[in-house]
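Asks: Take this sequence and fold it.
(one chain, ligands or ions: 1)
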Amino acid sequence: MEQNGVLILEDNIIEVNNLEYFFDEIKAVDDISFKVRKGEIFSFLGPNGAGKSTVINILTTLLPMQKGRVTIAGHDLRTEPEKVRESIGIVFQELTLDRDMTVQEILEYHGRLYSMPKTQRQARVDELLSLVELEAKRNVLTRHLSGGMKRRLEIARGLMTRPKVLFMDEPTIGLDPQTRIRIWEYVRDINRQGTTIFLTTHYMDEADQLSDYISIVDHGQIIATGKPWELKNALGQDIIYLETSDNQGASNILEGLDTVRGVRDKSKGIIVMVNVDGTHLLPEIMEKLQKGGIKIRVVNLKKPSMDDVFVHYTGRELRDTGTEKTVVVKPGGR
Ligand SMILES: Nc1ncnc2c1ncn2[C@@H]1O[C@H](COP(=O)(O)OP(=O)(O)OP(=O)(O)O)[C@@H](O)[C@H]1O
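Replies: A predicted model of the protein is given here:
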């Protein structure tokens, strides 16, 4: 982009400003703004119904723009949707493969839809089947593929046209742990080859392992954004879990310590977020509680995880099934 004769290098491949979306009265997307830089893996992490799919569907032109401004690869989504479509690939949450086509036919067909010349198409099919390790299944009908193979084929299809950005809606939903890890490897490979990736997930480990940046989404809003380590470090250096004879009394004592960043209730105990090495702080904590007449029943020390980050910002636990459990979050901590 040129401004006043000066060349500005555009690093942001996705820019979303004040995006809103209503399904009748339901506000599915509530004033969301974010930027994705070229070459990043950027994740939307949130529970079912948070608004992740709605955002991805708007960005990929499957839902109309209602309010806000979006540019992708320099194209305005409202005025140049076909330019946006040419710049992106999509991997949907639900499998969308034709059961009566072979693996090769699926990719060939997709290339034809986008008017790729035959030689280029064939070379790309070979390259992608090798990337997702499906060469041996080239002539197999998709109905005979396992769930993981189908997802790999969908990823290959999404990459057929060499998109600048690959959108992936819950790329590993419903897959077994081993297959999920293999999909992560493909995602990293694709990203290393220069494709920017925007993905949605409700799996904490997936967001943590894969992403350069994560936005935590809840009730249609972004409630925190950062690199995985930044989000985790913001909770403190260590997390100490305690079950005591008087959890409320323990919270009151520990909240007064300079080295304690915050205390949160759990169903049977409390979580203490600390600013220093927990192994060194534990003896002091035990002494303070003993002096206050409080008995410690269970102690556990760990580094903050993405689950802790999620609970911290949303006040709820998110399980892999997407169901949530409410816990009480004390104010403060940051
Ligand atoms: N077609 C629709 N009609 C009406 N409401 C919808 C529709 N699609 C989504 N919603 C509502 O919009 C909100 C956001 O849903 P969305 O599917 O974007 O969430 P999500 O975070 O992607 O969750 P999931 O992973 O379960 O799809 C929810 O309240 C949902 O019930």
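Asks: residues in the protein within reach of the ligand, list them.
Replies: Proximity of the chain to the ligand (Cβ under 6 Å from any ligand atom) is limited to residues 23, 26, 28, 46, 48-54, 170. For every residue, glycine as well, the C-beta is placed using N, CA and C.
Asks: Show me those that map onto helices.
Replies: Within those, residues falling in helices by DSSP state H are 52-54.
Asks: which residues of the stretch 1-150 of the chain score low on pLDDT?
Replies: Counting by pLDDT under 70, the stretch 1-150 of the chain shows low-confidence ranges at 1-10.
Asks: the helices in this protein, which residues?
Replies: Taking DSSP H as the criterion, the chain carries its helices at 52-59, 81-87, 103-113, 118-131, 147-159, 177-192, 204-210, 228-233, 247-255, 278-291, 306-314.
Asks: Distance to residue 97 added to the ones you listed, as CSV?
Replies: Listed next are the helices of the chain as CSV, based on distance: least, Cβ to Cβ, whole Å:
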stretch, distance to residue 97
helix 52-59, 19
helix 81-87, 20
helix 103-113, 6
helix 118-131, 14
helix 147-159, 6
helix 177-192, 16
helix 204-210, 22
helix 228-233, 32
helix 247-255, 52
helix 278-291, 49
helix 306-314, 31
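Asks: and this structure, what are its domains?
Replies: According to automatic domain parsing, the chain comprises the domains 2-226, 235-326.
Asks: okay, the ones you listed in JSON lines with mean neighbour count next?
Replies: Converted to JSON lines, those look like this (neighbours: other Cβ atoms under 10 Å):
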{"stretch": "domain 2-226", "mean neighbour count": "18"}
{"stretch": "domain 235-326", "mean neighbour count": "17"}
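Asks: ok so, going back, out of the residues of the chain next to the ligand, which two sit at the greatest distance?
Replies: 26 and 170 (20.2 Å; Cβ to Cβ).
Asks: residues in contact with the residue nearest to the spatial centre of the chain?
Replies: Nearest to the mean C-alpha position of the chain, by Cα atoms, centre = their mean, lies residue 43 at 3.0 Å. Taking Cβ atoms under 8 Å, 6 or more residues apart in numbering, we find residue 43 in contact with 198-201, 206-207, 210-211, 213-215.
Asks: Over to residue 28?
Replies: Neighbouring residues of residue 28 by Cβ under 8 Å, 6+ apart: 21-22, 51, 54, 220.
Asks: Show me which of those is closest to the ligand.
Replies: Using Cβ to the nearest ligand atom, residue 54 comes nearest to the ligand of those, at 3.4 Å.
Asks: Residue 114 contacts residue 159, doesn't it?
Replies: No: counting by Cβ atoms under 8 Å, residue 114 does not reach residue 159; the two are 11.8 Å apart.
Asks: what's the distance between the residue lying closest to residue 155 once chain neighbours are set aside and residue 285?
Replies: Of all residues not flanking residue 155 in the chain, residue 91 sits nearest, at 5.5 Å (Cβ to Cβ, 6 or more residues apart in numbering). Distance, residue 91 to residue 285, using Cβ to Cβ, to the nearest Å: 47 Å.
Asks: One more: residue 258?
Replies: As defined by Cβ to Cβ, residue 258 lies at a distance of 13 Å from residue 285.
Asks: again, but for residue 312
Replies: Computed as Cβ to Cβ, the residue 312 to residue 285 distance reads 20 Å.
Asks: Likewise for residue 81?
Replies: Per Cβ to Cβ, residue 81 is found 57 Å from residue 285.
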